[in-house]
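> Have a look at this fold, sequence not included:
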């Protein structure tokens, strides 16, 4: 199986890179041969060649630089999502798929317009918080951390329903965006290590069968611990 | 009258607070309520030196105060480390007469980086040292470029900047500016040509975002860099570390002054260099500074030697949520030729606020511990499973790794007849939990 980690050296805040390693490991343990391509600005990829694509989160400036490069994949990415293959985008990377991103100085950047939502960054503002959310894929909550400066409006198909923390904007308790097996969430970092059930879900999609899970003991215990600690905060 | 009362109340609150062991923020907080512009109403010394940045602020300020005091200057400084406007206000008013005159030759202010703008909207610094911008406290500070913007708003046009030339993001503050003093390190024997790090925050030019090229890395993104497109590059230095020897444990300043290091690590070299730079600018002789810095042991409790049964060790206080701080500590442990066991504790991510986020663990270069000098690795604390998961993605043989959720059990385990030196690596938030189990020496 071929995995693509796109913009690996510039959309790489806080351990995002680990997601692709988690997927590699579970697929290999399940008997697959796995290769990972790591590409960045000015590379050209044929997205159709891959079984899974990941893009991580970046600074607001880096996101704009990447966006200028990323537009070239617009049609390919639409086809990839339509094909039902899994695409994971963490942090502010998924913001690029909306209509526009307005930065803190009011400058408007056109997104890929695969979806109708709009993004507004607020200068000097930072929304940082732990999060518990129920994802569209199961009843088992997802835990993680959100670190953003933006409000996102007009998402029709959110990925998560937030029970603790901030969602796409201050008024809605929904978070991220999803479409078939595209999962965009503002949670940053090693989302798949921290949420082994989400990892298993993606691996099962790719394998068409239950993946090997015996190696996920630490991740499962770590998840329970974090869920417990965050749940205590709600009380 | 308002000024007089505010100063009096602040002094009284500080006096009482000290007696009952309270922190130094509260008196300033109340003073600011009583008189929001009190910092403008007092008479400050002519020379005001401010320091901010991600790492090393407290250590640098402590060393500057040490050198200046030794050389006959009176210095008012926030020795308690409360570095937001409230703590700074407490410090300033505590050092003021009731008439509002700060009794010192030099006012030395450590400032929190995120909220520096607040403090410096009242205080006009003569000199402003910016140490570095690292990934630090993501759960509060977002990311380095966000902090950059926050610091930028705190800089006044007339202030002389004292900048770390080796940090590409910090150096942007001096780009196209006249009144800048640059400090940095020449190519060092401990440098890497190829960066060994989990990530590289210097991969792209902070100005034009084209790829950057490094001729040498001191560590992480700190080194000698040049943009491949716009010409932005490391500035020549006015004050420099010209050599280090981490085996013998010394550094050399400006090719002339040798300073022996209490901790054989790059950990502190920029703090020493920044302190040296400031002291030179104040007019103190280079040799006198070097003499004051020789074997200087920081009093802020960052490095603590201990005994655990018959075993000896050192606790290297590192910062959770700060991978560069951890990387430095790991390098110290790896340099232990006689063999070391390493204890890493993550129990409470922060002492100041709640978060359960451990994504920063993945930015730390734990692969470094796959080293002949490292014999056993003990992971402990509430986040032991997250640590274990992180370590499972290194090539370290898993049988070298022991896991304990309970810190006391980890200490008991280490209290054995093993001969290895112990390096404890953890944060302020967790260190007491271990120190209560050992004997400090």
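Nice, I can see it. Please read these numbers as outputs of a predicted model, since none were measured by experiment.
> CA atoms for contacts and neighbours, from now on please.
OK.
> so what's residue B:196 up against?
residue B:220 (Cα atoms under 8 Å, 6 or more residues apart in numbering or on different chains).
> how would you label it: helix, strand or coil?
Classification of residue B:196 by DSSP: H, G, I helix; E, B strand; the rest coil places it in coil.
> Describe which strands the longest strand anywhere in chain A pairs with in its sheet and in which direction.
Longest strand in chain A, counting residues (DSSP state E): strand A:127-135. Sheet partners assigned to strand A:127-135 using DSSP bridges are listed as strand A:142-148 (antiparallel), strand A:160-164 (antiparallel).
> Do a quick rundown of the helices in chain A.
Secondary structure of chain A (DSSP state H): helices located at A:18-29, A:60-70, A:74-82, A:191-194, A:196-207, A:217-234.
> out of those helices, nearest to chain B?
Among these, helix A:217-234 comes nearest to chain B, with 4.9 Å by Cα to the nearest Cα.
> Run through the neighbouring helices and strands of the closest one.
strand A:127-135, strand A:142-148, helix A:191-194, helix A:196-207, helix B:384-392 (3 or more Cα pairs under 8 Å, 6 or more residues apart in numbering or on different chains; DSSP states H and E).
> can you give me the offset of the longest one from its chain's centre?
Spelled out, that is helix A:196-207. Per Cα atoms, centre = their mean, to the nearest Å, the displacement of helix A:196-207 from the mean C-alpha position of its chain is 14 Å.
> Okay, buried residues for that helix please.
Neighbour-count burial for helix A:196-207, with 16 or more other Cα atoms under 10 Å in any protein chain shown as criterion, is recorded at A:196-200, A:202-204, A:206.
> Now do it against strand A:142-148, angle only.
On the basis of axes from the mean of the first three to the mean of the last three Cα atoms, to 10 degrees, helix A:196-207 is oriented at 100 degrees to strand A:142-148.
> Repeat that for the last one.
Angle of helix B:384-392 versus strand A:142-148, following the same axes, to 10 degrees, is 80 degrees.
> Quick one: mean pLDDT for helix B:384-392?
For helix B:384-392, the mean pLDDT works out to 98.
> Which positions in chain A make contact with chain B?
A:9-10, A:12-16, A:18, A:59, A:62, A:65, A:124, A:126, A:128-130, A:144-145, A:147-148, A:188-190, A:193, A:218-219, A:221-222, A:225-226, A:229-230 (Cα under 8 Å from any Cα of the partner chain).
> tell me the mean pLDDT for the helix or strand that contains residue B:288?
Following DSSP states H and E, one finds residue B:288 within helix B:286-293. Summarised as a single mean, pLDDT over helix B:286-293 is 96.
> tell me which parts of chain B are close to chain A?
Contact residues (Cα under 8 Å from any Cα) of chain B with chain A: B:138-143, B:145-146, B:149-150, B:199-200, B:203-204, B:209, B:355-357, B:359-363, B:382-386, B:388-389.
> One more pass at 7 Å, please.
Counting by Cα under 7 Å from any Cα of the partner chain, the positions of chain B adjacent to chain A are B:139-140, B:142-143, B:145, B:355-357, B:359-360, B:362-363, B:383, B:385-386, B:388-389.
> Tell me which of those fall in helices.
B:139-140, B:145, B:385-386, B:388-389.
> out of those, who has the most neighbours?
With neighbours taken as other Cα atoms under 10 Å in any protein chain shown, the top of those is residue B:386, carrying 27 neighbours.
> Highest mean neighbour count out of the helices of chain A?
Ranked by average neighbour count under the criterion mean count of other Cα atoms under 10 Å in any protein chain shown, the helices of chain A are headed by helix A:191-194 at a mean of 26.
> Quick one: mean pLDDT for that one?
98.
> who does that helix touch, helix- and strand-wise?
helix A:18-29, helix A:217-234 (3 or more Cα pairs under 7 Å, 6 or more residues apart in numbering or on different chains; DSSP states H and E).
> In JSON lines: those helices, plus mean pLDDT.
As requested, the helices and strands packed on helix A:191-194 are exported to JSON lines (pLDDT from 0 to 100):
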{"stretch": "helix A:18-29", "mean pLDDT": "98"}
{"stretch": "helix A:217-234", "mean pLDDT": "95"}
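> Turn those helices into CSV, including distance to residue A:113.
Listed next are the helices and strands packed on helix A:191-194 as CSV, based on distance: least, Cα to Cα, whole Å:
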stretch, distance to residue A:113
helix A:18-29, 26
helix A:217-234, 35
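> State the phi and psi torsions of residue B:260.
Main-chain dihedrals, residue B:260, degrees, to the nearest 10: phi -80, psi 140.
> can you count the residues close to it?
Residue neighbour count, defined by other Cα under 10 Å, stands at 21 for residue B:260.
> what residues are up against it?
By Cα atoms under 7 Å, 6 or more residues apart in numbering or on different chains, the residues touching residue B:260 are B:249-251, B:294-295.
> Let me know the pLDDT of the closest residue to residue B:208 other than its chain neighbours.
Closest residue to residue B:208 apart from its sequence neighbours, by Cα to Cα, 6 or more residues apart in numbering or on different chains: residue B:230 at 6.7 Å. At residue B:230, the predicted lDDT confidence score is 97.
> Residue B:230: neighbour count?
Applying other Cα under 10 Å, we find 14 residues neighbouring residue B:230.
> Okay, now the unreliable bits of the chain?
Picked chain A for this. By pLDDT under 70, chain A has no low-scoring segment.
> Just the buried positions in stretch B:145-154, please.
By 16+ other Cα under 10 Å, the buried positions in stretch B:145-154 come out as B:145-148, B:150-151, B:154.
> would you list the helices of chain A in CSV and tack on distance to residue B:270?
Formatted as CSV, those follow (distance: least, Cα to Cα, whole Å):
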stretch, distance to residue B:270
helix A:18-29, 31
helix A:60-70, 28
helix A:74-82, 46
helix A:191-194, 35
helix A:196-207, 41
helix A:217-234, 36
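> right, and the ones you listed - which one's nearest residue A:137?
Of all the helices of chain A, helix A:196-207 sits nearest to residue A:137, with 8.1 Å by Cα to Cα.
> quick one, the closest one and helix A:18-29 angle?
60 degrees.
> quick check: angle from helix A:196-207 to helix A:217-234?
130 degrees.
> Can you name the residues in contact with helix A:196-207?
A:23, A:27, A:192, A:210-211, A:219-220.
> repeat that with 6 Å
Helix A:196-207 has contacts (Cα atoms under 6 Å, 6 or more residues apart in numbering or on different chains) with A:192, A:210-211.
> so residue A:57 touches residue A:92, yeah?
Yes. Under the criterion of Cα atoms under 6 Å, residue A:57 makes contact with residue A:92 at 5.2 Å.
> quick one: contacts of the worst-scoring helix or strand of chain B on mean pLDDT?
Sorting the helices and strands of chain B by mean pLDDT, DSSP states H and E puts helix B:138-141 at the bottom, at a mean of 85. Contacts of helix B:138-141 with the rest of the structure, by Cα under 6 Å, 6+ apart, involve residue A:128.
> so who does the most centrally placed residue in chain B touch?
In chain B, the C-alpha nearest the mean C-alpha coordinate belongs to residue B:56, at 2.0 Å (Cα atoms, centre = their mean). Taking Cα under 6 Å, 6+ apart, we find residue B:56 in contact with residue B:271.
> 8 Å - rerun?
B:131, B:268, B:270-271.
> next one: residue A:123
By Cα under 8 Å, 6+ apart, the contact list for residue A:123 reads A:103-105, A:149.
> Taking the residues you listed, tell me the two that lie furthest apart.
A:105 and A:149 (12.6 Å).
> who's more crowded, the two?
In this view residue A:105 and residue A:149 are compared by other Cα under 10 Å, and residue A:149 has more residues nearby, 22 against 9.
> Go ahead and confirm that one touches residue A:126.
Yes. If you go by Cα atoms under 8 Å, residue A:149 and residue A:126 touch, sitting 4.6 Å apart.
> Can you give me the neighbour number for the residue nearest to residue B:276 when sequence neighbours are not counted?
Of all residues not flanking residue B:276 in the chain, residue B:289 sits nearest, at 6.5 Å (Cα to Cα, 6+ apart). Look at residue B:289: counted by other Cα under 10 Å, it has 25 neighbours.
> how far away is residue B:289 from residue B:278?
10 Å (Cα to Cα, to the nearest Å).
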